[in-house]
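Engineer: dropping the sequence and predicted coords here.
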Amino acid sequence: MTNRTFKTGESRDQASLLPARIEDYVGPDNPVRAIESFVRVLDLAKLGFRHADRKAEEVGQPPYDPADLLKLYLYGYINQIRSSRRLEREAGRNLELIWLLRNLKPGYRTIGNFRKENWAALKAANRSFVLLMRELGLVGGSVVAIDGSFFHGDASKASIFTRKRLADQIIKLDQEIEAYGKCLEDNDAAEAKKPGKDGPDGGGGGGGDIGAKIAALLAKRLRAQGDLARLEENGATQLSLTDPDARLLVKSGQGVAGYNVQTAVDDKHKLIVASEVVNDSSDVGQLHAMAMAAKEALEVGALQALADEGYYSSRELKACEDDGITPYVPVPEGNARLEKQGRFALKDFNYDGATDTYRCPAGQPLHPMKSRQKNTSGRIEIRYAARGAICRTCPLKVQCLSSNAAYRTIGRWEHEGVLERHRARMQGAGELMRRRFAIVEHPFGTLKCRAGYRHFLVRGFDKVRGEWNLMALCYNFTRVLNILGLDVFLAALAKTLAPGRGTLAALLQGIQLAPEAFWINHPPPIAIGRPHRPDSAKTSNSCSVSSGKTGALCHHGGLVGWGECIGSLCSVRSR
C-alpha cells in the first residue's frame, strides 16, 4: 500500500472526462427531466411565444427555438439564476443545462430579449400550469387567501418624484439661485472697489464660475417645473425617471421603489392560482379583482376569499357577494371619533328591517328621510332622523347630539345588508383568519427569503408582469414536484396534457424522456405501435427493449405497447 500525503483527484489527461453521450449527463431521476417534458407538451405558438410558429422554409439565420429558451429560464429561476449573463455562462458549463439545451449556448442578449418580448406568453404559460394543477386535484377550489407584497423595481427612490417633492425641490433651487445671485453681486461690488480697476469685469474673480452654476441651477429648475406641470396635467401623483411604471410605495413606515404584487393562494397545497402586479401602495380595491381571477382559474361556482384588514371596502364586499364569492375581511375599527367625544356611534343604534327604522339607545325610533345623499366616499346613503321634540327632552341628549344639532341623524348605505351579513360572518371566522396568514405568506416567504427574489430585473408594467409570472410558475412547478415526485408528475403530463395536443408525435415528445423505471411502475394508458404478430422478429441489433408489465421502452425513445418500436431502424418483439 502506497502512502499519500493528500487525497488525489483524477488525471486531467484521461481519455474521457465526461460520458460519451449528453443523455448520460443527468440521471433518470433528475428533476431537470420534468422541465423538458413540461415544455415539450406546451403549444408555444398558441401561447404566443415569438418564433414558435416559424416555418422551416423561411430564409435567413434561424432563431433559437423558444422552447429551448423557456427551458433555460425555467431552470434558471428554479435554481436562483436570473441574470441573462449568468444564464449564458451556465449554459456553457452546467451539465444539466448542457443536457437540457442539447449543448446550445445562446448569448446573453438573446436570453434577455426573450424575457422582454414574451411577457404575455409567459403569463399564458403560467395559466397553463394552473390548469394542470387543477386537473391533478392539487387545488381545493373552495378557499383562497389574498395578499400583496412589495417588490423592488429596477429604479431607486431618488429617481421617483412626487408633487410635494418637486415643489420642495423648486423652492430649494430658488433659494440656491438667490444665494448665488447675491454672491455674484457681492463679487462685482468688491471688484469695483479695488484700485486700478475700471469696472467689475476688469479683474479675474470667480464671477464666471458662479454664473455657470446659476445657469445650471436655472436649467434644473426648468426641468423640475416641467415635471410638476406634467404631473398636474396628467393627474398623476408620482413621476419615475428610470422605470416609468415604478412607484414609491409606503406601508408601515417603510418605502420601496417598485411594485405591489397581489396573489391568490389556494389553501390545499399553498399554490398560487392567480396573481397580478400593480403599482399602488394600498390594497383597497384589489379584493374583488383577485378573488374573481382565482374563481375563474379554478372554475368553481362559489369561493371563500380570505384577506387582511387592508382589503376592507364596502364596494368590494358587495361586488364579491354579487359574483358568488364569500369574503372574510376583518372590519377596521376606524378612528372612533364619536366615541372619543363621548357620543353614541352607529353601532349603538339597532336596525329593524321589518319597519325600516333604527332604535336609539333610549329606545326611540329614527325614520328614513325621503332624500338620498352621497357621502364623502361616493356611496349613496339613506338618512334616518329622530323627532326633534323627543331629542330635546331626552336624558341621553348630551351623549347623542352635538352642541349645534336639534335632533340625531344617521346614515345607512343603500346596500348596508351586505356589511351586516359580513359582520355577522366575521364573528366566527377566527380560525379562518389564523389560517389565512399561513396560506398566503408561504409563497412570498419562499420567493423572497429562500430564493432571494425581492426585486425585478426589468422595467415597465408588461415586462415586470412577465417576470413575475415566471417567478410564480417556477414556485408552483417546484412545489408540485415536491408534492407528487418526478415519476407521478411525468405520468400526469403524459395523461393530462399530452393527449390535448391531438397528435401521436406530440404525445411521444412529452413522454419519451421518462426513465425506464417510470414506465414499469406506471403502465401507459394507451398502446402505441402496430398489433403484435407472434412471428415478428428483431430486424436490427441496434435497439434493445426493457420490458414492463404491460409494455416496453425502446432505447430509441419510443414506447412499445403490444407491438413494434416506432423507430425507423428497428422492429422489436414485445414481451
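Structural biologist: Looks like it came in fine. Note that the structure is predicted; figures quoted are calculated from it, not measured. Numbering: from 1, shown residues only.

Engineer: report the buried residues of the helix ranked longest in the chain.
Structural biologist: Looking across the chain with DSSP state H, the single longest helix is helix 163-193. For helix 163-193, the neighbour count (16 or more other C-beta atoms under 10 Å) marks Arg165, Leu166, Gln169, Ile170, Leu173, Ile177, Tyr180, Leu184, Asn187, Glu191 as buried. Every residue, glycine included, has its C-beta placed from N, CA and C.

Engineer: how far is it from where the chain is centred?
Structural biologist: Put simply, helix 163-193 sits 47 Å off its chain's centre (C-alpha atoms, centre = their mean, to the nearest Å).

Engineer: helix or strand right after it?
Structural biologist: Per DSSP states H and E, helix 163-193 leads on to helix 207-234 as the next helix or strand towards the C-terminus.

Engineer: that following helix vs helix 163-193, what angle?
Structural biologist: Helix 207-234 runs at 160 degrees relative to helix 163-193, counting by axes from the mean of the first three to the mean of the last three C-alpha atoms, to 10 degrees.

Engineer: which residue is nearest the middle of the chain?
Structural biologist: Computing the C-alpha centroid of the chain and ranking residues by C-alpha atoms, centre = their mean puts Trp468 first, at 4.4 Å.

Engineer: what helix or strand is that residue on?
Structural biologist: Using DSSP H and E, Trp468 sits within helix 461-484.

Engineer: likewise Leu248?
Structural biologist: Going by DSSP H and E, Leu248 is part of strand 247-251.

Engineer: what pairs with the top strand by length along the chain, parallel or antiparallel?
Structural biologist: Scanning the chain for the strand with the most residues, using DSSP state E, yields strand 254-266. Strand 254-266 has the following sheet partners, assigned by DSSP bridges: strand 143-152 (antiparallel), strand 247-251 (antiparallel), strand 272-278 (antiparallel).

Engineer: list the contacts of His288.
Structural biologist: The contact partners of His288, taken as C-beta atoms under 8 Å, 6 or more residues apart in numbering, are Glu316, Ala319, Cys320, Asp323, Ile325.

Engineer: oh sorry, the question was meant for Gly141
Structural biologist: Counted by C-beta under 8 Å, 6+ apart, Gly141 has contacts Arg134, Asp266, Leu298, Val300, Leu303.

Engineer: returning to that earlier point: need the buried residues of helix 163-193 in TSV with pLDDT, can you?
Structural biologist: Shown next, in TSV, are the buried residues of helix 163-193 (pLDDT from 0 to 100):
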residue	pLDDT
Arg165	82
Leu166	84
Gln169	83
Ile170	85
Leu173	84
Ile177	81
Tyr180	77
Leu184	73
Asn187	73
Glu191	74
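
Engineer: which members of these are the farthest-apart pair?
Structural biologist: Maximum pairwise distance among the buried residues of helix 163-193 (C-beta to C-beta): 38.6 Å, between Arg165 and Glu191.

Engineer: can you count the residues close to Thr355?
Structural biologist: For Thr355, the count of nearby residues is 10 (other C-beta atoms under 10 Å).

Engineer: now do the phi/psi pair for it.
Structural biologist: Taking degrees, to the nearest 10, you get phi -100, psi 0 for the backbone angles of Thr355.

Engineer: roughly how far apart are it and Pro365?
Structural biologist: From Thr355 across to Pro365, the span is 8 Å (C-beta to C-beta, to the nearest Å).

Engineer: what does Lys213 give?
Structural biologist: Between Lys213 and Pro365 the computed distance is 74 Å (C-beta to C-beta).

Engineer: also Asn79?
Structural biologist: 69 Å.

Engineer: next one: Gly411
Structural biologist: In this view, Gly411 and Pro365 are 16 Å apart by C-beta to C-beta.

Engineer: got it, and Gly301?
Structural biologist: Where Pro365 is concerned, Gly301 sits at a distance of 41 Å (C-beta to C-beta).

Engineer: neighbour-wise, which of those two wins?
Structural biologist: Counting neighbours by other C-beta under 10 Å for Gly301 and for Pro365 shows that Pro365 has the greater number, 14 against 8.

Engineer: which residues does the more buried one contact?
Structural biologist: For Pro365, the contact set (C-beta under 8 Å, 6+ apart) comprises Thr355, Thr357, Tyr358, Arg359, Ala386.

Engineer: tell me which two of the residues you listed sit farthest apart.
Structural biologist: Those two in those that are separated most widely, counting by C-beta to C-beta, are Thr355 and Ala386, at 14.4 Å.

Engineer: show me where pLDDT drops low in the stretch 401-550 of the chain?
Structural biologist: Applying pLDDT under 70 to the stretch 401-550 of the chain flags the ranges 496-550.

Engineer: what number of residues lie near the closest residue to Leu484 other than its chain neighbours?
Structural biologist: Nearest non-adjacent residue to Leu484, counting by C-beta to C-beta, 6 or more residues apart in numbering: Ala492, 6.9 Å away. Look at Ala492: counted by other C-beta under 10 Å, it has 21 neighbours.

Engineer: against Ala246, how distant is Ala492?
Structural biologist: Ala492 is 39 Å from Ala246, by C-beta to C-beta.

Engineer: repeat for Leu218
Structural biologist: Distance, Leu218 to Ala246, using C-beta to C-beta: 29 Å.

Engineer: which residue of these two possesses the greater neighbour count?
Structural biologist: Neighbour tally, Leu218 and Ala246, criterion other C-beta under 10 Å: the higher count belongs to Ala246, 28 against 13.

Engineer: surely that one is in contact with Asn279?
Structural biologist: Yes - Ala246 lies in contact with Asn279 (C-beta atoms under 8 Å); the separation is 6.7 Å.

Engineer: intersection of neighbour lists for those two?
Structural biologist: If you check Ala246 and Asn279 against C-beta under 8 Å, 6+ apart, the residues they both contact are Tyr259.

Engineer: the residue nearest to Leu484: which element?
Structural biologist: Using DSSP H and E, Ala492 falls within helix 486-492.

Engineer: by contact count, what packs against that helix?
Structural biologist: Helix 486-492 is packed against helix 32-40, helix 461-484, helix 516-521, with contacts defined by 3 or more C-beta pairs under 8 Å, 6 or more residues apart in numbering; DSSP states H and E.

Engineer: ranking those by burial, who's on top?
Structural biologist: helix 32-40 (a mean of 23; mean count of other C-beta atoms under 10 Å).

Engineer: does that one pack against any helices or strands, and if so which?
Structural biologist: In terms of contacts (3+ C-beta pairs under 8 Å, 6+ apart), helix 32-40 is packed against helix 66-78, helix 95-101, helix 461-484, helix 486-492, helix 504-511.

Engineer: how about a cut-off of 6 Å?
Structural biologist: Contacts defined by 3 or more C-beta pairs under 6 Å, 6 or more residues apart in numbering; DSSP states H and E place helix 32-40 against helix 66-78, helix 486-492, helix 504-511.

Engineer: need the winner for burial among those helices.
Structural biologist: Counting by mean count of other C-beta under 10 Å, the most buried of those turns out to be helix 66-78, with a mean of 22.

Engineer: would you mind writing the CA trace of whichever helix or strand comes after that helix as PDB?
Structural biologist: Once the chain leaves helix 66-78, the next helix or strand it forms, by DSSP H and E, is helix 84-93. C-alpha atoms of helix 84-93 as PDB (Å, rounded to 0.1, in the frame of the first residue of the first chain):
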ATOM      1  CA  SER A  84     -29.000  36.800 -18.600                       C
ATOM      2  CA  ARG A  85     -25.200  36.900 -18.400                       C
ATOM      3  CA  ARG A  86     -25.100  34.300 -15.700                       C
ATOM      4  CA  LEU A  87     -27.500  32.100 -17.700                       C
ATOM      5  CA  GLU A  88     -25.200  32.400 -20.700                       C
ATOM      6  CA  ARG A  89     -22.200  31.300 -18.600                       C
ATOM      7  CA  GLU A  90     -24.200  28.400 -17.000                       C
ATOM      8  CA  ALA A  91     -25.300  27.200 -20.400                       C
ATOM      9  CA  GLY A  92     -21.700  26.500 -21.300                       C
ATOM     10  CA  ARG A  93     -20.600  24.800 -18.100                       C
END
